[in-house]
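Enquirer: Kindly return the folded structure for what I paste below:
(chains A and B)
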Amino acid sequence: MGGVGTLFQKGSDPPEVILTSDFLYFTRFPITHDKGGGARRMAQILELIQKVRPGLEVVSSSGVDWIPKKERKKFKKRIKEKKFHPFFLTPSAVKKWVPDHQRFVYRNLQYAKRWARCIEEQTNRCDLVIMDDPIYFAPLFKTLIKKNIPVVAACQNIESLAPGQVERKWAKKLFREELEILSQCRLVITISREEDVFLKNLGVPTRYLPYYPVEPIRKRLLEIREKREHTPKDGILMVGNWKNMPTREGMNDAARYWQQNHLERLAGKLIVGGFHGEKYLECGAVPGVLEFHGTLSNEALDELLCSVKACLCYQPSGAGALTRICEMLIAGAPVLAGSHAARSYYNIPGVIEFPALEDLAEGLRKLDGAPAAHIPVPLLPETASLIADIQEIFNE
Amino acid sequence: MSKVIYFSRLLPQEDKGGGSRRLLQIHEFLKRIHPQVELVHPWRSDLIPVEKMKQINTRSREKSSHLSLLPGMFINKWSNEHRGMIYRFLEYCRVWLRAVPDLEKLDLAVMDDPIYFLPLFKKLIRRRIPVIAVCHNIESVVPGQVKKDRARELLEKELELLSQCRLVITISREEDVILRNFGITSRYMPYYPVESIKKRLLAIREKRRFTSKEDILMVGTSKNLPTREGMIRAASYWNEKRLDKAAGKLIIGGFFSEECLPSVPGGSGVEYRGTFSNEGLDGVMEKVKACLCYQESGAGALTRICEMLTAGVPVLANTHAARSYYNMKGVFEFRELDELEEVLKQIGACDGEIPLPPVPDISSLDAEIKKILH
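Expert: Residues are numbered from 1 along each chain as shown, chains lettered A, B, ... in the order given. Prediction:
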């Protein structure tokens, strides 16, 4: 990633944290576009921001960025050891999340606290901070607001809305807290049309920026599109991150439904894959009906994408929007999507929406009828107004 | 035979605003499942004695004017303009609690946005009577209805209520997605006009095949804050940029426009028509190039977009106004007003008829309600 500040690069150990840029991006994702949707989305935003103003410094909690060397050992130990026994007093902010998510939340809060201290120590001023979902970095966020530094939030999901992350009984409370935080941001960039509409009504200044992959991914996808023109098509592909609760539930439901109703007779076998799939797939593979691939390398995924009839996305719930739908469309593969999974992509050519699993067979039939052979490449999102907004914040 | 009541806050009349039309659609749908569904709404003073009604209405006027008289934390959280209505509905509910015969033996209660019917809702839930909410908007996020600093608090409350419902029927795709993520059983049922309205719209569609087109229409209930503000902004932009030269006049009208749009910037490019009669509106719709919808905020979804499309009128809508209708044929979306001129050129270039919006698929909703009833 070009133009990233020196502190981000691993191996360069600054004696202590000194701001090398007046323009920062705090994230919880690794800076690579090869990982899941979150990292890809961040890569998109970085690509855009670099155009507005180069010299952005990225600080990520997936590395040890901005943790001074002498503190690292202790810091790592602390975030590792923490166990959340119900009887221990854990910070209440952490307790509102489900146990599976608590360690993640705790880790990010610890980073945010340390980073907040770094910001406090700085003498030179910071012009703008971009931050993924600020609820995870609340202590840092508060410091920035106190110091009157404008914060732009990159809202990957309204996090308290993402099912399977939050304890049910705390969901509404946490949601209110998150809205409170977002309303203090100068701007919130959303990936979801639905969340954008909702936040606007609460008076939060937002810009909807649809997902679109960065250049290297785009290139790969367009190559697949090219190849698909000449390949015979068979089977339906279903991929996703199995660690994500709604994705996992949806994929398990769809796989089970596929087996029980012998949908292979309509469209060939269902090919299932994705990160962590080995651990979570509930129904076994059946030759000719359901094929299981586990974590797929880029090459393996590309190859599959060249030869499948379509992709299937099914989620009974979930926040944000699915990056893979846009990617599949660029690759020229039609997408069968359940109504909830299709959010932010409604009525787009190439997306065949089905309301419930019982309607999946109908959707598969549409696949044969429609001239699915040629799906238009989704339009590049318009970014001028977002760029103007960010420019304006700089100029203040 | 099971007993079902639909408690509504709107008037079941087709020549009223979007809310009423939506109510008609839902009521007709419910009648198909359960022909004996009884509609109870305050405007006809259903089950409310005339004297009591008068008393409530007088007091409600006082409530909106005298801040100091306002009791009750709940009412205080709503905006001054909306508070009278909140008070009236709380009072109607209290009357209904006593007046509805065999309330406790209901098999199902259907209710428009339960936050307005709190006392009634609570009683029904306590008695374990299943409640279906008809969500016209998530009310606490409608701009102009709620005091700004209370919005998030009320939202939390409203979500709490909705999560106690057996089912929530939404008109908005966006709200459906949000509610589902809270674990609320929600079904999106797009707006579609009832037969009598549809017939009128199809007649317009037919006539439009032979008329020459001029001007742009902007119609809406101007009592609604986002609609009113949108109209004012669009009108002044229209004048300022002299868009009438390229696209003709901007004709503005709709319910309450006499009261709510009194001294808006005039100018030769914009014409105010006030409240339309049915015939008046139909006549305009036959001849306009397109209909303009502009809102910078607003919850729910706009019923008029579906109606315009049914009548074969192209719709120009900014991103927020186009919610629930994204990427539909006949809807020309623009992000900001400064893109309006560009979009106006596109409708000129678009040939051929606008396809009829699809009739909503209600089979799963139908099954869901039958399951609750039996």
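
Enquirer: what's the closest non-adjacent residue to the closest residue to chain A within the stretch 251-374 of chain B?
Expert: Of the stretch 251-374 of chain B, the residue with the smallest distance to chain A, taken as Cβ to the nearest Cβ, is B:Asn327 at 3.6 Å. C-betas here are computed from N, CA, C, even on glycine. In this structure, B:Asn327 finds its nearest non-sequential neighbour in A:Asn347, 3.6 Å apart by Cβ to Cβ, 6 or more residues apart in numbering or on different chains.

Enquirer: which helix is the longest one in the chain?
Expert: Since no chain was named, I'll use chain A. The longest helix of chain A (DSSP state H) is helix A:99-121.

Enquirer: To clarify, I was referring to chain B.
Expert: In chain B, taking DSSP H as the definition, the longest helix is helix B:80-99.

Enquirer: Can you name the element that comes right after that helix?
Expert: Using DSSP states H and E, the helix or strand that follows helix B:80-99 in sequence is strand B:108-112.

Enquirer: which residues sit against that next one?
Expert: Contact with strand B:108-112 is made by B:2-10, B:23, B:26, B:30, B:34, B:37, B:117, B:120-121, B:124, B:129-134, B:136, B:369, B:372-373, as judged by Cβ atoms under 8 Å, 6 or more residues apart in numbering or on different chains.

Enquirer: hmm, 6 Å instead?
Expert: By Cβ atoms under 6 Å, 6 or more residues apart in numbering or on different chains, the residues outside strand B:108-112 that reach it are B:4-9, B:117, B:124, B:129-134, B:373.

Enquirer: Weed out the non-buried ones from those.
Expert: The neighbour count (16 or more other Cβ atoms under 10 Å in any protein chain shown) marks B:4-9, B:117, B:124, B:129-134 as buried among those.

Enquirer: now, which of those lie within strands?
Expert: B:4-7, B:131-134 (DSSP state E).

Enquirer: and which of these is nearest to chain A?
Expert: Within those, the smallest distance to chain A is 16.2 Å, found for B:Ala133 (Cβ to the nearest Cβ).

Enquirer: Now A:Phe75: closest residue in space that isn't a chain neighbour?
Expert: Beyond its immediate neighbours in the sequence, the residue positioned closest to A:Phe75 (Cβ to Cβ, 6+ apart) is A:Ile67, lying 5.3 Å away.

Enquirer: CA atoms only for the longest helix of chain B, dumped as CSV, please.
Expert: Only the C-alpha atoms of helix B:80-99 are listed here, as CSV (Å, rounded to 0.1, in the frame of the first residue of the first chain):
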residue,chain,number,x,y,z
ASN,B,80,-44.4,20.7,19.9
GLU,B,81,-46.3,20.0,16.7
HIS,B,82,-46.7,16.3,17.3
ARG,B,83,-47.5,16.5,21.0
GLY,B,84,-51.2,17.1,20.6
MET,B,85,-51.6,14.0,18.5
ILE,B,86,-49.6,11.9,21.1
TYR,B,87,-51.9,13.1,23.8
ARG,B,88,-55.1,12.4,21.8
PHE,B,89,-54.0,8.8,21.1
LEU,B,90,-53.1,8.1,24.7
GLU,B,91,-56.6,9.2,25.7
TYR,B,92,-58.4,7.3,22.9
CYS,B,93,-56.5,4.2,24.1
ARG,B,94,-57.7,4.7,27.6
VAL,B,95,-61.3,4.9,26.4
TRP,B,96,-60.9,1.9,24.2
LEU,B,97,-59.5,-0.1,27.1
ARG,B,98,-62.9,0.1,28.7
ALA,B,99,-65.1,0.4,25.6
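
Enquirer: for chain B, which spans come out with low pLDDT?
Expert: By pLDDT under 70, the low-scoring segments of chain B are B:44-46, B:63-72, B:262-266, B:349-352.

Enquirer: just how off-centre is the helix or strand containing B:Glu153 within its chain?
Expert: Element membership for B:Glu153, per DSSP H and E: helix B:151-163. In terms of Cα atoms, centre = their mean, to the nearest Å, the centre of helix B:151-163 is found 20 Å from the chain centre.

Enquirer: Put the alpha carbons of it into CSV.
Expert: The C-alpha trace of helix B:151-163 is given here as CSV (Å, rounded to 0.1, in the frame of the first residue of the first chain):
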residue,chain,number,x,y,z
ALA,B,151,-34.7,10.8,19.6
ARG,B,152,-32.3,8.0,20.6
GLU,B,153,-34.1,7.4,23.8
LEU,B,154,-37.5,7.1,22.1
LEU,B,155,-36.0,4.9,19.5
GLU,B,156,-34.8,2.5,22.2
LYS,B,157,-38.3,2.4,23.6
GLU,B,158,-39.9,1.9,20.2
LEU,B,159,-37.6,-1.0,19.4
GLU,B,160,-38.5,-2.5,22.7
LEU,B,161,-42.2,-2.3,21.8
LEU,B,162,-41.7,-3.7,18.4
SER,B,163,-39.7,-6.6,19.7
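
Enquirer: Next, see if the helix or strand immediately after it in the chain gets close to chain A.
Expert: Following helix B:151-163 in sequence order, the next helix or strand is strand B:167-170 (DSSP H and E). No. In terms of Cβ under 6 Å from any Cβ of the partner chain, no part of strand B:167-170 sits within range of chain A; the closest distance is 11.4 Å.

Enquirer: mind listing what the host helix or strand of A:Tyr25 pairs with, with the direction of each?
Expert: Applying DSSP H and E as the criterion places A:Tyr25 in strand A:23-27. Using DSSP bridges, the strands paired with strand A:23-27 in its sheet are strand A:57-60 (parallel), strand A:128-132 (parallel).

Enquirer: Mind putting the ones you listed into JSON lines with distance to B:Met218, mean neighbour count and mean pLDDT?
Expert: Formatted as JSON lines, the strands paired with strand A:23-27 follow (distance: least, Cβ to Cβ, whole Å; neighbours: other Cβ atoms under 10 Å in any protein chain shown; pLDDT from 0 to 100):
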{"stretch": "strand A:57-60", "distance to B:Met218": "46", "mean neighbour count": "22", "mean pLDDT": "92"}
{"stretch": "strand A:128-132", "distance to B:Met218": "38", "mean neighbour count": "24", "mean pLDDT": "94"}
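
Enquirer: and the residue in the stretch 151-300 of chain B that chain A sits nearest to, how many neighbours?
Expert: Going by Cβ to the nearest Cβ, chain A is nearest to B:Glu174 of the stretch 151-300 of chain B, at 3.9 Å. Burial of B:Glu174 is recorded as 26 neighbouring residues (other Cβ atoms under 10 Å in any protein chain shown).

Enquirer: same check, this time on A:Gly38
Expert: Residues near A:Gly38, counting by other Cβ under 10 Å, number 22.

Enquirer: repeat for the one 10 residues further on
Expert: For A:Leu48, the count of nearby residues is 18 (other Cβ under 10 Å).

Enquirer: in what helix or strand does it lie?
Expert: According to DSSP H and E, A:Leu48 maps onto helix A:37-52.

Enquirer: Give me the contact list for that helix.
Expert: A:3, A:27, A:29-30, A:32-33, A:56, A:154, A:156, A:191, A:211, A:214, A:323, A:383, A:387, A:390.

Enquirer: buried residues in it?
Expert: Buried positions in helix A:37-52, judged by neighbour count with 16+ other Cβ under 10 Å: A:37-49, A:52.

Enquirer: can you tell me the distance between the two ends of stretch B:245-258?
Expert: Taking Cα to Cα, to the nearest Å, the first and last residues of stretch B:245-258 lie 26 Å apart.

Enquirer: ditto for stretch A:31-41
Expert: Across stretch A:31-41, first to last residue, Cα to Cα, it's 10 Å.

Enquirer: So which residues on chain B come close to chain A?
Expert: Counting by Cβ under 6 Å from any Cβ, the residues of chain B near chain A are B:141, B:151-152, B:156, B:159, B:174, B:177-178, B:180-181, B:297, B:299, B:323, B:326-328, B:364.

Enquirer: Any of those buried? List them.
Expert: Among the residues of chain B next to chain A, those classed as buried by 16+ other Cβ under 10 Å are B:141, B:151-152, B:156, B:159, B:174, B:177-178, B:180-181, B:297, B:299, B:323, B:326, B:328.
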